[in-house]
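fold the following.
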Amino acid sequence: MKIDAFAHILTPEFYQAMLDIDATIPQKYPFIKIETLANLDERIAKWPDKNTKQVVSFANINPEDFVDGDEASKIAQYANQELAGIVANHPKYFEAGVGMLAMNNIPASLKILENIEKSPYLVGAQIFTRHLGKSIADSEFEPILLKAAKLNLPLWLHPVFDNRKPDNNLVFSWEYELSQAMLQLVQSDIFKKAPDLKILVHHAGAMVPFFSGRIDHILDQEHADMFKNFYVDTAILGNTPALQLALDYFGINHVLFGTDAPFAVMPAGADKIVSDAIENLDISDLYDKKIFETNYYHFLDKK
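Numbers count the residues shown, from 1 in each chain. Below you'll find the model as predicted:
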């Protein structure tokens with residue numbers, strides 16, 4: 001069994017609600033034009049590996065960017081209910097769901113975190129490198145991070161473009177945004193205030209493992225060490241040497257199988273490429289199993 005800890009979905013009712021708000025969303029976010037992202041029947045028909053179950057979070061079309069806080073929080077709550085229903089009705093394919101927040105309504109999002117914590121089908125919440133034009137490390141969002149830590153509720157960190165920059169691109173920009181968000185979170189001292197906070201970072205921790213020497217020499221030792229608090233996935237489209245670097249840096253217990261499905265490799269994602277890269281690592285079969293499955297459950301503190 002493999003648990004793909006970082007896969008994505010656009011649930012049908014949520015997606016339609018967003019299209020009703022802005023019909024140009026597919027043009028604004030062309031990377032979402034994948035049939036298996038929004039069409040559940042097509043996704044199941046083209047499932048990448050019968051031994052894989054996915055943990056699904058929403059593709060980054062965030063209600064907070066389109067409507068006011070009250071409306072955004074309502075949409076997020078309905079979307080979470082819809083996602084929980086999909087997980088409940090398709091246990092063969094989906095291990096769990098990751099809930100949506102509305103960061104333009106912090107009080108409502110704190111309640112949403114409580115609702116997620118009570119759900120048998122949702123295991124955490126997704127946050128982004130930037131919300132409302134501000135870093136996730138901005139003090140405005142700190143109550144969300146502290147609440148998640150208090151509830152022992154993991155957070156999934158996904159990149160978004162920094163709209164102040166004119167040259168955003170899917171090859172490099174998101175990796176920079178992830179790295180910058182990690183640095184900003186470390187420098188905010190969030191891990192001092194909430195040492196039990198669990199954050200799973202997409203794309204194997206982005207630039208951090210490669211530039212670990214710069215981290216160690218530029219930052220003081222205390223803050224350099226805080227980078228090891230993050231968990232990371234394996235969604236870098238193969239590249240065994242790069243995965244080995246991430247594994248060496250973050251440690252075997254902090255690396256979870258994740259593929260970014262159904263993105264990157266049509267029609268259903270990069271399950272095979274990522275799986276092959278893990279199996280080519282110079283590690284034991286026991287460590288393979290930790291990455292593919294058991295680290296996910298330890299991340300949740302459930303097994």
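
secondary structure class of Gly258, three-state.
Under DSSP: H, G, I helix; E, B strand; the rest coil, Gly258 falls in the coil class.

tally of neighbours for it?
Gly258 is flanked by 29 other residues according to other Cβ atoms under 10 Å. For glycine as for every other residue, the C-beta is placed from the backbone atoms N, C-alpha and C.

my read: it touches Thr52, true?
No. Counting by Cβ atoms under 8 Å, Gly258 sits too far from Thr52 to count as a contact (10.9 Å).

which residues are common contacts for those two?
Asp4 (Cβ atoms under 8 Å, 6 or more residues apart in numbering).

so which helix or strand takes in Val55?
strand 52-58 (DSSP states H and E).

contacting residues around that strand?
1-11, 14, 79, 83, 86-87, 92-98, 100, 123, 126, 156, 158, 261, 271, 296.

please indicate which of those residues are buried?
Those of these that meet the buried threshold are 2-11, 14, 79, 83, 86-87, 93-98, 100, 123, 126, 156, 158, 261, 271, 296, by 16 or more other Cβ atoms under 10 Å.

now, the residues you listed that are in strands?
Residues of the buried ones among the contacts of strand 52-58 located in strands (DSSP state E): 2-9, 94-98, 123, 126, 156, 158.

quick one: low-confidence parts of the chain?
302-303 (pLDDT under 70).

ok, and what's touching the lengthiest helix in it?
What stands out as the longest helix in the chain, according to DSSP state H, is helix 69-89. For helix 69-89, the external contacting residues (Cβ under 8 Å, 6+ apart) are 9, 11-14, 17-18, 40, 56, 58, 62-64, 66-67, 94-97, 99-102, 104-105, 108-109, 112, 115-116, 119-122.

buried set for that helix?
69, 71-84, 86-87.

how about the nearest residue to the spatially most central residue of the chain, chain neighbours excluded?
Central residue of the chain (Cα atoms, centre = their mean): Trp156, 3.6 Å from the mean position. Using Cβ to Cβ, 6 or more residues apart in numbering and skipping residues adjacent in sequence, the residue nearest Trp156 is Gln126, 4.6 Å away.

so that neighbour is in contact with Gly97, correct?
No. Assessed by Cβ under 8 Å, Gln126 is found out of contact with Gly97, at 9.9 Å.

phi and psi next, for Pro195.
With angles defined as degrees, to the nearest 10, Pro195 sits at phi -60, psi -20.

and it, how many residues sit next to it?
Neighbours of Pro195 using other Cβ under 10 Å come to 10.

check Lys118 too.
9.

how about it, what does it touch?
Contacts of Lys118 (Cβ under 8 Å, 6+ apart): none.

phi, psi of it?
Per degrees, to the nearest 10, the backbone of Lys118 is at phi -90, psi -10.

can you check Leu10 too?
Per degrees, to the nearest 10, the backbone of Leu10 is at phi -120, psi 100.

what's the span of stretch 97-106, first residue to last?
21 Å (Cα to Cα, to the nearest Å).

hmm, what's the outermost residue in this protein?
By Cα atoms, centre = their mean, the chain has its most distant residue from the centre at His217, 28.7 Å.

roughly how far does the closest residue to Ser109 other than its chain neighbours sit from Glu114?
Setting aside the residues directly before and after it, Ser109 is nearest to Leu101 in space (Cβ to Cβ, 6+ apart), at 4.3 Å. For Leu101, the distance to Glu114 (Cβ to Cβ, to the nearest Å) stands at 12 Å.

got it, and Lys134?
24 Å.

so how far is Thr234 from the spatially closest residue to Asp4 that is not a sequence neighbour?
Nearest residue to Asp4 in three dimensions, chain neighbours excluded: Gln54, at 4.5 Å (Cβ to Cβ, 6+ apart). Distance, Gln54 to Thr234, using Cβ to Cβ: 14 Å.

repeat that for Lys289.
14 Å.
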